[in-house]
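*Asks:* Fold the following.
(one chain, ligands or ions: 2)
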Amino acid sequence: MIAFFDRPNRDNMSIQLHDTLRGKKIPFEPLQEGEVTMYLCGPTVYNYAHIGNARPAVVFDLLARVLRRRYKLTFARNITDVDDKINTASIETGKPIDEITAKYIKAYNDDMAALGVRPPDVEPRATQHIDVMIEMIAALIEKGFAYVAQAHVLFDVSSYSQYGELSKRDLREMIAGSRVEVAPYKRAAHDFVLWKPSTPELPGWDSPWGRGRPGWHIECSAMAEKHLGATIDIHAGGQDLVFPHHENECAQSNCAHDGAPFARYWLHNGFLSIDQTKMSKSLGNVLLVHDLIKSVPGEVIRLALLSAHYRQPLDWSAESIEKARRMLDRLYGAVRGIEVSDEARAAAVVPGALVAALEDDLNTPKALAEFFAIARALNKASNVPEKEALAAQMYAAGELMGLMSDDPEKWFAGHVEGDLPADEIEALIEQRNAAKAERDFERADAIRDQLKQAGVSIQDGREGTSWRRGG
Ligand code: AMP
Ligand code: ZN
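*Replies:* Ligands and ions are numbered 1, 2, ... in the order given. The predicted model follows:
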């Protein structure tokens with residue numbers, strides 16, 4: 001009998017998501033039946049993305065994949081290409097802004113693709129949406145939620161009674177505890193900028209309030225409205241964005257849309273630290289994905305990022321990489337040498353328990369445990385059809401999680417910069433076999449040691465010598 005993993009009928013069970021606003025895990029129901037809209041705050045393109053920035057990209061890519069199994073999803077991830085940090089980078093490097101943003105948009109997309117992140121359905125750029133931002137700001141002024149002062153437009157926080165609800169902050173306490181020096185154009189310390197004037201050297205657009213540029217928060221409110229509508233189902237980002245960014249987005253959109261809720265579910269990923277330390281430029285411990293992928297396969301990085309639950313903090317170290325590499329070795333090792341026909345692939349379904357784990361607020365540790373359960377069953381399987389069916393299930397699970405996209409032989413042969421290339425490894429193995437045939441065991445052992453030093457282990461078997469990296 002073939003030990004297929006069963007697939008309980010979960011169609012009538014909702015996906016569960018933890019919503020920051022309600023502060024708990026709740027069943028997810030989209031506003032429109034069968035359709036979901038999701039917005040993720042994307043990168044500010046003045047530098048390469050670091051491994052912390054990759055966490056939301058990977059985690060919410062996985063959520064997008066999980067949602068697409070059930071719904072027609074429209075997923076927007078914006079690009080902030082107008083920002084003071086970009087202006088500073090331009091001044092510091094002497095390079096035009098367009099050149100800087102074009103370079104880092106491409107790098108971001110290439111680097112995230114290396115981590116198995118699929119492109120979103122829409123990738124709106126702030127500079128291409130200035131008109132909708134101006135419209136939204138004008139509406140906020142007209143409705144009495146914003147005011148003009150010294151060529152700035154500010155959101156009047158006191159006009160919005162729900163301010164602080166998302167981040168669970170009390171406005172009065174915030175004011176009392178505030179030590180910020182109040183800019184002369186602000187009525188109150190917590191009023192935030194919707195529009196600010198630009199000098200001739202800085203990027204700027206004509207507006208009813210003079211030549212200027214938008215504040216960061218209004219960018220996302222305007223782009224979300226334009227591409228996904230007044231109320232979106234899911235709004236996601238890193239935990240640091242809850243306040244002030246998302247609180248402010250929420251205030252702007254809610255007021256511009258006469259009280260219509262902005263996002264129905266707010267999802268936030270926990271922070272990533274490096275060797276128990278916060279990543280920061282001043283400490284010099286910022287790990288760029290662009291650099292890391294030169295020596296570590298993208299799938300290893302993806303798996304390491306998914307190994308902790310997305311809401312938990314995640315500490316990154318050399319060990320996280322090694323652990324993820326070994327896990328992938330086990331997964332690829334299970335399917336290695338098993339032929340899987342197109343029919344078997346088409347017939348395979350992801351085991352219900354794995355889907356259930358992902359649909360339970362993206363419980364990736366549990367989902368990975370289920371993934372290994374299939375690998376274990378496959379390692380124990382004895383007949384060919386059973387092996388083929390289980391291997392096909394593993395590929396289906398991999399497809400859902402964005403893992404195991406490589407051919408197993410390529411995975412084990414695959415080398416990254418600095419590693420010994422596969423052809424050199426094979427040449428050394430041949431030399432070792434020749435040495436053994438001549439009963440020169442000293443030489444044979446020396447070659448084995450040389451390979452070991454290079455991180456390659458070999459296994460002699462009836463069919464010849466096989467090899468793998470690591471372990
Ligand atoms: P930024 O370009 O700084 O706006 O960040 C882009 C995304 O990365 C946002 O969703 C941030 O919340 C997220 N992010 C930044 N640093 C980290 C970190 N250390 N761990 C997890 N997420 C982060
Ligand atoms: Zn945003």
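
*Asks:* Going by C-alpha atoms from here, please, whenever you check contacts or count neighbours.
*Replies:* Will do.

*Asks:* Just list whatever residues bridge to the closest residue to ligand 1 within the stretch 101-250 of the chain.
*Replies:* Residue nearest to ligand 1 within the stretch 101-250 of the chain: residue 238 (3.0 Å; C-alpha to the nearest ligand atom). When bridges are called by DSSP bridges, residue 238 pairs up with residue 269.

*Asks:* any idea how far it is from residue 20?
*Replies:* In this view, residue 238 and residue 20 are 11 Å apart by C-alpha to C-alpha, to the nearest Å.

*Asks:* what residues are shared contacts of those two?
*Replies:* Shared contacts of residue 238 and residue 20 (C-alpha atoms under 8 Å, 6 or more residues apart in numbering): residue 268.

*Asks:* So which residues on the stretch 201-350 of the chain come close to ligand 1?
*Replies:* 237-241, 270-273 (C-alpha under 6 Å from any ligand atom).

*Asks:* that's a helix at residue 378, yeah?
*Replies:* Yes: the assignment for residue 378 is a helix, going by DSSP: H, G, I helix; E, B strand; the rest coil.

*Asks:* Contact partners for it?
*Replies:* Per C-alpha under 8 Å, 6+ apart, neighbours of residue 378: 334-335, 386-387, 390-391.

*Asks:* In TSV: the residues you listed, plus secondary structure, neighbour count and distance to residue 467.
*Replies:* Formatted as TSV, those follow (DSSP: H, G, I helix; E, B strand; the rest coil; neighbours: other C-alpha atoms under 10 Å; distance: C-alpha to C-alpha, whole Å):
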residue	secondary structure	neighbour count	distance to residue 467
334	helix	23	15
335	helix	24	16
386	helix	17	26
387	helix	23	22
390	helix	31	24
391	helix	28	21
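
*Asks:* Identify the farthest-apart pair in the residues you listed.
*Replies:* 334 and 386 (13.0 Å; C-alpha to C-alpha).

*Asks:* per-residue confidence for residue 91?
*Replies:* Residue 91 carries a pLDDT value of 89.

*Asks:* and the stretch 101-250 of the chain, which residues reach ligand 2?
*Replies:* With C-alpha under 5 Å from the ion as the criterion, the stretch 101-250 of the chain meets ligand 2 at residues residue 220.

*Asks:* In the stretch 101-250 of the chain, which residue sits closest to ligand 2?
*Replies:* residue 220 (4.5 Å; C-alpha to the ion).

*Asks:* Now do the same for that residue: its pLDDT.
*Replies:* 98.

*Asks:* I figured it hits residue 247, correct?
*Replies:* No: using C-alpha atoms under 8 Å, residue 220 makes no contact with residue 247, being 11.8 Å away.

*Asks:* who's more crowded, these two?
*Replies:* residue 220 (29 against 20; other C-alpha atoms under 10 Å).

*Asks:* so what's the closest residue to ligand 2 within the chain up against?
*Replies:* The minimum distance from the chain to ligand 2, using C-alpha to the ion, falls at residue 41 (4.1 Å). By C-alpha under 8 Å, 6+ apart, the contact list for residue 41 reads 77-79, 220, 236-237.

*Asks:* Which two among those residues are spaced furthest apart?
*Replies:* Farthest pair in these, by C-alpha to C-alpha: 79 and 236, 14.3 Å.

*Asks:* In terms of packing, which of these two has more residues around it?
*Replies:* Set residue 79 next to residue 236 and count neighbours by other C-alpha under 10 Å: residue 236 wins out with 26 against 22.

*Asks:* Would you confirm that that one contacts residue 39?
*Replies:* Yes: counting by C-alpha under 8 Å, residue 39 is a contact partner of residue 236 at 6.2 Å.
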